[in-house]
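**Q** What follows is a predicted structure for the sequence shown.
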Amino acid sequence: MRQRRAGLLVLVAAVAFTAWWLPAQLPTTVARVTPGAPVQQAAATDTTTSAASSPSATAPSVATANRVDTATAPAAAPIDSVDPLLQKDLAPGEALRMLQWCGELTGSDPTLLFEQQWQWLGDEAAALERKPYAEARAWAIERCGEWALVPDSDRAAALKAQLIERARQSTDIRDRLRALAATTGSIEIDANQAISMRQMLEQALLAGRPELLADVGRVLENSLVARADLLGPYAGYGAVTLFSLLGCDLGAPCGGDSDALRRSCALRGYCGYPDYETMLFDAYHGARARELIQSHRADLLRRIRAGDVVGLFDPLPLPPKP
């Protein structure tokens with residue numbers, strides 16, 4: 001009996017010793033791998049599988065094998081967020097104007113409406129209207145190209161905001177005038193802001209550049225600042241016509257092949273006129289408005305040519321409320 005018990009104790013001791021000794025002789029994936037020795041494929045697979053299956057595991061042990069030395073890797077190219085139209089060789093003020101009028105080409109095609117109007121003129125007269133319209137429309141589409149963006153689109157809005165900011169920072173008064181014209185139709189201004197606006201308008205008249213006059217008119221006619229108590233007696237309806245005609249008098253292109261007349265033909269169907277002035281009075285203004293515009297035109301032309309423009313846009317007091 002004692003011999004059997006002693007044999008059993010020896011067997012248990014041998015099993016315990018084997019269980020302690022055998023793991024100590026096997027290599028592990030961490031402590032037992034010597035530097036520079038290749039890691040066994042099974043061990044690497046087990047490690048990766050364990051890391052991937054653990055919800056809280058992170059990727060460094062896996063990503064390390066694919067890491068690129070940052071000292072030798074080329075820097076990532078920055079994402080180009082600049083609209084390609086901003087990279088064109090075009091002054092910001094001119095780009096603003098293109099964005100504005102070319103946007104009108106994206107609306108419904110007015111050709112059918114014009115055809116309905118022309119049919120009452122007779123075949124010969126309708127043909128005379130149709131030919132210059134088709135030519136002007138083709139010219140406008142080609143001229144605008146990529147600038148024909150839907151005005152309410154996100155791209156057009158972002159582009160307009162960037163162009164306005166560039167135009168404001170420009171040293172060219174034409175750019176700053178067009179930035180002003182592009183914003184004053186949607187913002188309220190106070191008396192202090194009106195002072196700087198009046199100064200800019202006076203500078204434009206003294207610049208000796210006829211092409212600026214139409215932009216002066218656009219600022220004066222914009223709805224939220226078209227007030228005599230802010231910008232003087234010429235603010236309001238008719239200012240674009242009045243100052244555009246002053247530009248014509250001073251040398252701006254206003255003939256039958258001028259861009260201004262082509263745009264009116266392409267966008268409004270006002271075609272076949274010999275010059276811009278004839279079109280303005282025939283298409284936009286009646287006899288009374290023409291008389292008022294012409295009377296102001298003569299006086300303003302005299303003052304501009306004489307350099308007598310200080311105070312020209314001084315505010316007028318509003319009549320008392322009843």
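**A** Nice, thanks for sending it over.

**Q** Can you tell me the SS state at Cys254?
**A** Using DSSP: H, G, I helix; E, B strand; the rest coil, the structure places Cys254 in coil.

**Q** give me the number of residues near it?
**A** Neighbour count for Cys254, taken as other C-beta atoms under 10 Å: 22. In short, each C-beta sits where N, CA and C put it, glycine included.

**Q** Equivalent analysis for Leu163, please.
**A** 27.

**Q** Once you drop chain neighbours, what's closest to Ala204?
**A** Leu212 (4.5 Å; C-beta to C-beta, 6 or more residues apart in numbering).

**Q** again with Ile189
**A** Using C-beta to C-beta, 6+ apart, the nearest residue to Ile189 is Val225, at 5.7 Å.

**Q** May I see the buried residues of the one helix or strand Gln199 maps to?
**A** Element membership for Gln199, per DSSP states H and E: helix 191-206. Within helix 191-206, the residues scored as buried using 16 or more other C-beta atoms under 10 Å are 194, 197-198, 200-202, 204-205.

**Q** Closest one of those residues to Glu104?
**A** Taking C-beta to C-beta as the measure, Glu104 lies nearest Ala204 of the buried residues of helix 191-206, at 25.0 Å.

**Q** quick one: that closest one and Val216 touch, right?
**A** Yes - with contact defined as C-beta atoms under 8 Å, Ala204 counts as touching Val216 (5.3 Å).

**Q** got the contact list for Tyr270?
**A** 264, 279, 282-283 (C-beta atoms under 8 Å, 6 or more residues apart in numbering).

**Q** follow-up on the earlier one: shared neighbours of Ala204 and Val216, anything?
**A** Taking C-beta under 8 Å, 6+ apart as the contact rule, Ala204 and Val216 both touch Leu177.

**Q** ranges for the helices of the stretch 201-322 of the chain?
**A** For the stretch 201-322 of the chain, the helices defined by DSSP state H, counting those that start in this stretch occupy 213-221, 228-231, 239-250, 259-268, 276-283, 287-306.

**Q** If we go by neighbour counts, what in the fifth one is buried?
**A** Buried residues in helix 276-283, defined by neighbour count with 16+ other C-beta under 10 Å: 276-277, 279-281.

**Q** what's stretch 157-168 in contact with?
**A** 83, 85-86, 92-93, 95-96, 99, 149, 175-176, 178-179, 182-183.

**Q** Highest neighbour count among those residues?
**A** Arg178 (28 neighbours).

**Q** quick one: Ala260 from Asn192, how far?
**A** Separation of Ala260 from Asn192 (C-beta to C-beta, to the nearest Å): 34 Å.

**Q** Kindly apply the preceding question to Ala179 instead.
**A** Taking C-beta to C-beta, one finds Ala179 at 18 Å from Asn192.

**Q** cool, and Ser108?
**A** From Ser108 to Asn192 the distance is 42 Å (C-beta to C-beta).

**Q** ok, back up a step: so the residue nearest to Ile189 makes contact with Asp190?
**A** No - between Val225 and Asp190 there is no contact under C-beta under 8 Å: 10.8 Å.

**Q** Give me the more crowded residue out of these two.
**A** Between Val225 and Asp190, Val225 has the larger neighbour count (other C-beta under 10 Å), namely 23 against 8.

**Q** pLDDT score for the more buried one?
**A** Here, the pLDDT recorded for Val225 equals 73.

**Q** now swap in the one 10 residues further on and tell me
**A** Ala235 is assigned a pLDDT of 91 by the prediction.

**Q** and what of Arg2?
**A** At Arg2, pLDDT is 43.

**Q** same question, Leu201
**A** We note a pLDDT of 96 for Leu201 in this prediction.

**Q** and what of Glu188?
**A** Note for Glu188: predicted pLDDT of 74.

**Q** Kindly report the same for the one 4 residues further on.
**A** The predicted structure scores Asn192 at 85 on the pLDDT scale.

**Q** how far away is it from Leu201?
**A** For Asn192 relative to Leu201 (C-beta to C-beta), the value is 16 Å.

**Q** and if you look at Leu224?
**A** Where Leu201 is concerned, Leu224 sits at a distance of 16 Å (C-beta to C-beta).
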